[in-house]
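# Pasting the sequence and the predicted model now:
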Amino acid sequence: MNVRRAAAVLAAAAVLGAGTAPAAFADDATPSPSAPPEIPAGLHGATDPTYDGVWRQSLTLLAQDTAGVTPSDRAVGWLTGQQCADGSFAAFRPDPSAACDSKTMVDSNSTAAAVQALAALGGHDAAVGKAVDWLVSVQNEDGGWGYNPGTPSDANSTSVVIGALVAAGEEPAETVKDGKSPLDALLTFALPCKGKDAGAFAYQPDRSGKLLANADATAAAVLGSLGSGLGGRKAEPAGAAAQCAEARTPEQAAENGAAYLAGPLTEDGHLTSAMPGADPQPDLGNTADAVVALASAGHADQAEKAVAHLRDNGVAWAKQTGPAAYAQLILTVRAVGADPRDFGGQDLVEQLNATGPAPKAGKPAEAEEQGTSEDRGVSPAVWWAGGAALVVIAAVAALPAVRASRKRRP
């Protein structure tokens, strides 16, 4: 999402208009600089974790597990220690010994990412169950989720929560609020099959209710519509290019989104983004998301040029960006059936491991053979550069929604 890029939130602020953007964006106002917190023991990465600590740790643990690596106990303990008593997670709590309160800016995305990581590792049923209960308690009436409790649903947040539900053994179609499931919510963000943006998803409707295509939201929504988490799912090759048709089902909406993403990936080999006043640049985070989305929809063949672009440019990006980017590359490489230990001659797993506590011994060889799987619910999306904007949005969050009804799998 261009929040896994330079902010779906900035994109959303532009789409929704100045009336929706928080005051921090007005008149070039910026928060007063303050000293970044010390990097806690057990956390991967050496940059300020204020806006992405839980997200990047979750992606790291997911990627290590997918690659057959047993993460360090310290790394896992850091993540579990971030959980609030009600099951939710914030982007980062500098003092996890202090109880969470009304000022703790918990959010659906950090919570959903943590669920996916802890569910994949196993042995954390209580933490996963509490987190899922919290997510269900803040589900919106349209069946979806916003970044913070009480904020309008968006395609990105709804999708990452779907991944968490699946990872925890829940049925997204049965996780309903006022008769609406998250799959129903995703369909409301889908653009029709007409015009240059045919099949895309919007992040949210704009102030007039119009849906504007967003590649980041589309990549996320393809995965969500397929019931996949932050690493995608195994899919048989479709045997034909993705085609757009009336989206009467989540599966068709995913196919439509894949068709939209395939255009720039097959033509340019990457997606682009442009910050205000800057020329468009290749967006490697969104490109990786799109590759996983295409592979999960059975169209990995339409992502070959993008995989080559990531092979040529991804490591330099990850070195600059940090562990979440390495993790995203690993999940992407596994989604297309390649080896993350030899991606353009680079061992992505070794480089990710080096960003934090040394992992335990590698898992048995057969663990590495498994790749990504639908029921493990992993899928990519590194919101590596928009966290600050997201936290500002968090400050204007409304009160949590009422607990939703749901059925558990037998």
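Okay, I see it.
# Pull out the buried residues from the longest strand anywhere in the chain.
Ranked by residue count and defined by DSSP state E, the top strand of the chain is strand 170-176. The neighbour-count check on strand 170-176 (16 or more other C-beta atoms under 10 Å) flags E170, E171, P172, A173, T175, V176 as buried. All C-beta atoms are positioned from the backbone trio N, CA, C, and that covers glycine.
# for stretch 150-163, same thing?
151-163.
# What's the mean pLDDT across that stretch?
For stretch 150-163, the mean pLDDT works out to 98.
# quick one on the thing from earlier: run the chain-centre distance for the longest strand of the chain.
Relative to its parent chain, strand 170-176 has a centroid offset of 19 Å by C-alpha atoms, centre = their mean, to the nearest Å.
# re the thing from before, of all pairs in the buried residues of strand 170-176, which one is the farthest apart?
Greatest spatial distance in these: E170 and V176, 11.3 Å, computed using C-beta to C-beta.
# rewinding a little: who does the longest strand of the chain touch, helix- and strand-wise?
Packing contacts for strand 170-176, counted by 3 or more C-beta pairs under 8 Å, 6 or more residues apart in numbering; DSSP states H and E, involve helix 155-167, helix 182-187, strand 405-408.
# Reformat these into JSON lines and put distance to A127 next to each item.
Listed next are the helices and strands packed on strand 170-176 as JSON lines, based on distance: least, C-beta to C-beta, whole Å:
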{"stretch": "helix 155-167", "distance to A127": "12"}
{"stretch": "helix 182-187", "distance to A127": "21"}
{"stretch": "strand 405-408", "distance to A127": "17"}
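# Of those, give the one that comes closest to D301.
It is, among the helices and strands packed on strand 170-176 and with distance given as C-beta to C-beta, helix 155-167, at 23.5 Å.
# one step back: for the buried residues of stretch 150-163, which one is nearest A253?
Nearest to A253, judged by C-beta to C-beta, of the buried residues of stretch 150-163 is A155 at 10.5 Å.
# Identify the residues contacting that closest one.
1, 186, 189, 201-204, 214, 217-218, 220-221, 224 (C-beta atoms under 8 Å, 6 or more residues apart in numbering).
# how about 6 Å then?
Neighbouring residues of A155 by C-beta atoms under 6 Å, 6 or more residues apart in numbering: F189, F201, Y203, A217, A220, A221.
# just R74 next, same as before
Contacts of R74 by C-beta under 6 Å, 6+ apart are G42, P357.
# give me the element it is part of.
Using DSSP states H and E, R74 sits within helix 73-81.
# Check which element follows that helix along the chain.
Past helix 73-81, the next helix or strand by DSSP H and E is helix 108-121.
# how far away is Y147 from V106?
Distance, Y147 to V106, using C-beta to C-beta, to the nearest Å: 10 Å.
# Then A75?
For A75 relative to V106 (C-beta to C-beta), the value is 21 Å.
# who's more crowded, these two?
Comparing A75 with V106 by neighbour count (other C-beta atoms under 10 Å), the higher total belongs to V106, at 24 against 20.
# The more buried one and A90 touch, don't they?
Yes: between V106 and A90 there is a contact under C-beta atoms under 6 Å: 4.8 Å.
# give me the low-pLDDT residue ranges for the stretch 301-410 of the chain?
Residue ranges of the stretch 301-410 of the chain with pLDDT under 70: 362-410.
# Helices of that one, start to end?
304-321, 323-335, 348-353, 365-369, 387-394 (DSSP state H, counting those that start in this stretch).
# Now render the ones you listed as a markdown table, adding distance to L271 and mean neighbour count.
As requested, the helices of the stretch 301-410 of the chain are exported to a markdown table (distance: least, C-beta to C-beta, whole Å; neighbours: other C-beta atoms under 10 Å):
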| stretch | distance to L271 | mean neighbour count |
| --- | --- | --- |
| helix 304-321 | 8 | 18 |
| helix 323-335 | 13 | 30 |
| helix 348-353 | 20 | 22 |
| helix 365-369 | 29 | 11 |
| helix 387-394 | 19 | 23 |
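# Return the set of buried residues in the helix holding R74.
Buried residues in helix 73-81 (16+ other C-beta under 10 Å): A75, V76, W78, L79, T80.
# between the residues you listed, which is closest to G314?
Of the buried residues of helix 73-81, the one sitting nearest to G314 (C-beta to C-beta) turns out to be A75, at 22.7 Å.
# gap between the closest one and H44?
Distance, A75 to H44, by C-beta to C-beta: 6 Å.
# Find residues that contact each of the two.
Each of G356 lies in contact with both A75 and H44 under the rule C-beta under 6 Å, 6+ apart.
# related to what we said a few turns ago, which one of the helices and strands packed on strand 170-176 lies closest to H270?
Of all these, helix 155-167 comes closest under C-beta to C-beta, at 19.7 Å.
# what's the angle from the closest one to strand 170-176?
Helix 155-167 and strand 170-176 are oriented at 120 degrees to each other (axes from the mean of the first three to the mean of the last three C-alpha atoms, to 10 degrees).
# where's helix 155-167 relative to the chain centroid, distance-wise?
How far helix 155-167 lies from its chain's middle: 8 Å, per C-alpha atoms, centre = their mean.
# Equivalent analysis for stretch 214-230, please.
The chain centre lies 8 Å from the centre of stretch 214-230; the measure is C-alpha atoms, centre = their mean.
# Start the count at 581 instead of 1 going forward.
OK, 581 is where the count begins now, so the last one is stretch 794-810.
# Output it as PDB, restricted to C-alpha atoms.
Below are the C-alpha coordinates for stretch 794-810, written out as PDB (Å, rounded to 0.1, in the frame of the first residue of the first chain):
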ATOM      1  CA  ASN A 794      -4.300   2.400  -5.700                       C
ATOM      2  CA  ALA A 795      -1.700  -0.200  -6.600                       C
ATOM      3  CA  ASP A 796      -0.700  -0.700  -2.900                       C
ATOM      4  CA  ALA A 797      -4.300  -1.300  -1.800                       C
ATOM      5  CA  THR A 798      -4.800  -3.600  -4.900                       C
ATOM      6  CA  ALA A 799      -1.900  -5.800  -4.000                       C
ATOM      7  CA  ALA A 800      -3.100  -6.100  -0.400                       C
ATOM      8  CA  ALA A 801      -6.700  -6.700  -1.500                       C
ATOM      9  CA  VAL A 802      -5.800  -9.400  -3.900                       C
ATOM     10  CA  LEU A 803      -4.300 -11.300  -1.100                       C
ATOM     11  CA  GLY A 804      -7.100 -10.500   1.300                       C
ATOM     12  CA  SER A 805      -9.700 -11.600  -1.300                       C
ATOM     13  CA  LEU A 806      -7.900 -14.900  -1.600                       C
ATOM     14  CA  GLY A 807      -7.800 -15.400   2.100                       C
ATOM     15  CA  SER A 808      -4.000 -15.100   2.200                       C
ATOM     16  CA  GLY A 809      -1.700 -13.500   4.700                       C
ATOM     17  CA  LEU A 810       1.600 -11.600   4.500                       C
END
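# If anything else comes up later, I'll come back, but that's it for now.
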